[in-house]
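Chemist: Pasted the sequence and its predicted model underneath.
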Amino acid sequence: MGRQPSLATVIVGQNSLLREGCARILRTVNFRILASVSCADDLPSKVHPDPSLFLVFHTGNEFSLVAEQIKRFKASYSNAQIAVVADCCRPDELVSALRAGASGYFVEGIT
């Protein structure tokens, strides 16, 4: 059986331990991590190749910053999927994420 193509991924989140732990796990299951950054401002002006997925970790209360990042990613990489991984379920954030252009909103089970 042939090897599946890797999924070009950018991981975004304030917690570097969470980002790097996730990157290690994802690399073992055919994700190619293009960048791991704390926010959209830390991302190089153009990532090559274009990411297929932005995985945005959100912990805390200020979701408006996450929504702005989603909009920026969608504007620069319109074909990329954007998934938010939140530390707890907040329905208003879910709606905000989808309106900003996210493809999915997941609640992390660890916390």
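Modeler: Cool, got the structure.

Chemist: Next, the distance between the ends of stretch 48-57.
Modeler: Stretch 48-57 has its terminal residues 22 Å apart, counting by C-alpha to C-alpha, to the nearest Å.

Chemist: The nearest residue to Gly13 once chain neighbours are set aside pairs with what?
Modeler: Leaving out its chain neighbours, the residue that sits closest to Gly13 by C-beta to C-beta, 6 or more residues apart in numbering is Phe57, at 3.1 Å. Using the backbone N, CA and C atoms, a C-beta is placed for each residue, glycine as well. Residues in a beta bridge with Phe57, per DSSP bridges, are Val85.

Chemist: For Phe57, list the residues it contacts.
Modeler: Taking C-beta atoms under 8 Å, 6 or more residues apart in numbering, we find Phe57 in contact with 11-15, 18-19, 22, 84-85, 108.

Chemist: I'd like to know which of these are buried.
Modeler: 11-13, 18-19, 22, 84-85 (16 or more other C-beta atoms under 10 Å).

Chemist: which ones among these are found in strands?
Modeler: 11-12, 84-85 (DSSP state E).

Chemist: Looking at those, which is nearest Arg99?
Modeler: Val84 (12.0 Å; C-beta to C-beta).

Chemist: doesn't Ile70 make contact with the closest one?
Modeler: Yes: judged on C-beta atoms under 8 Å, Val84 makes contact with Ile70 at a distance of 7.4 Å.

Chemist: quick one, strands of the protein?
Modeler: Using DSSP E, strands in the chain cover 7-12, 31-37, 53-58, 81-86, 104-107.

Chemist: can you give me the angle the third one makes with strand 31-37?
Modeler: Taking axes from the mean of the first three to the mean of the last three C-alpha atoms, to 10 degrees, one finds that strand 53-58 is oriented at 50 degrees with respect to strand 31-37.
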